[in-house]
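*Asks:* only geometry, no sequence info:
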Ligand code: KMH
Ligand code: ZN
């Protein structure tokens with residue numbers, strides 16, 4: 001089977017230090033978490049940034065500072081800025097994370113609107129999605145198509161029919177936010193994308209580890225990290241993102257998959273081609 005790409009979603013926009021004190025806010029903390037994940041075997045850092053008090057921001061300068069600092073200690077890692085940001089941000093605000101220098105090689109592209117718990121709605125209209133896709137294509141940024149249910153795959157394919165995406169497509173199945181996170185759901189999602197596409201999956205919270213194990217067995221790629229899950233196992237908070245990457249590496253070894261380096265991940269995902 002193809003080598004396994006591990007993405008570490010180290011920070012997110014919603015989780016807090018009250019939930020797990022290791023959640024990073026400052027640039028130093030973000031770098032610490034990125035390095036722990038990279039050292040453990042992550043080849044991609046999915047990046048959100050915060051102000052020092054934990055407030056999420058998409059400000060270009062703050063992203064630039066974080067990316068430059070991560071690059072110093074993880075020179076070849078793939079840094080994937082979020083264009084999702086936090087619920088309620090405007091499209092312009094969200095895209096500001098991609099204005100860093102050099103232009104990012106990879107970034108997320110959220111492919112639909114979804115319920116985000118309580119009264120929160122994460123809004124991505126068709127026009128937002130098509131506009132983000134167009135801008136990313138023009139700027140040579142590979143989109144990771146974030147899909148929270150099957151309908152979002154269909155919206156991504158609509159963008160593809162409009163010529164806004166470059167093949168091979170890469171999807172990230174985020175299970176356990178809107179869609180449930182059973183193995184049946186995962187198999188359905190993996191069977192619903194065009195042949196030749198690559199995919200990553202992540203299970204939110206208590207869904208993290210069965211989704212990781214199934215994904216590794218199915219030939220997909222895995223995302224772990226504080227953005228999606230704060231626990232190493234039931235009742236045990238992870239002390240770092242690195243600990244969660246280590247657990248994914250252990251699962252991969254047990255299941256017979258080798259881990260991809262960042263350059264091997266670029267090759268597998270056709271980044272910069
Ligand atoms: N924080 C969520 C509202 C992404 O990074 O593209 C959006 C999100 C997805 O995390
Ligand atoms: Zn994110």
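*Replies:* Yes, it's here. Keep in mind it's a predicted model, so treat the numbers as computed, not measured. Ligands and ions are numbered 1, 2, ... in the order given.

*Asks:* where does the spatially closest residue to residue 105 that is not a sequence neighbour land in three-state SS?
*Replies:* Computed as CB to CB, 6 or more residues apart in numbering, the closest residue to residue 105 that is not its neighbour in sequence is residue 271, at 5.2 Å. C-beta: built from backbone N, CA, C; applies to glycine. In three-state terms, and counting by DSSP: H, G, I helix; E, B strand; the rest coil, residue 271 is coil.

*Asks:* show the contacting residues for the closest residue to ligand 1 within the chain.
*Replies:* Nearest residue of the chain to ligand 1 (CB to the nearest ligand atom) works out as residue 84 at 2.6 Å. The contact partners of residue 84, taken as CB atoms under 8 Å, 6 or more residues apart in numbering, are 13, 94, 108, 110, 122, 146.

*Asks:* is it true that it lies in a strand?
*Replies:* No - with three-state DSSP as the criterion, residue 84 is located in coil rather than a strand.

*Asks:* re the thing from before, my read: the residue nearest to residue 105 touches residue 106, true?
*Replies:* Yes - using CB atoms under 8 Å, residue 271 is in contact with residue 106, at 6.0 Å.

*Asks:* which of the two has more neighbours?
*Replies:* A direct count of neighbours by other CB atoms under 10 Å for residue 271 and residue 106 places residue 106 higher, at 23 against 19.

*Asks:* leaving out chain neighbours, which residue sits closest to the more buried one?
*Replies:* Here the residue nearest residue 106, using CB to CB, 6+ apart, is residue 80, at 4.4 Å.

*Asks:* returning to what we had before: could I get the pLDDT score of the residue nearest to residue 105?
*Replies:* If you check residue 271, the pLDDT there is 97.

*Asks:* distance of it relative to residue 263?
*Replies:* 10 Å (CB to CB, to the nearest Å).

*Asks:* likewise residue 104?
*Replies:* Counting by CB to CB, the gap from residue 104 to residue 263 is 16 Å.

*Asks:* and for residue 165, the neighbour number?
*Replies:* 21.

*Asks:* what's the helix or strand for it?
*Replies:* Counting by DSSP states H and E, there is no helix or strand that carries residue 165.

*Asks:* gap between it and residue 157?
*Replies:* Using CB to CB, one gets 9 Å for the distance from residue 165 to residue 157.

*Asks:* same question for residue 126.
*Replies:* For residue 126, the distance to residue 157 equals 12 Å [CB to CB].
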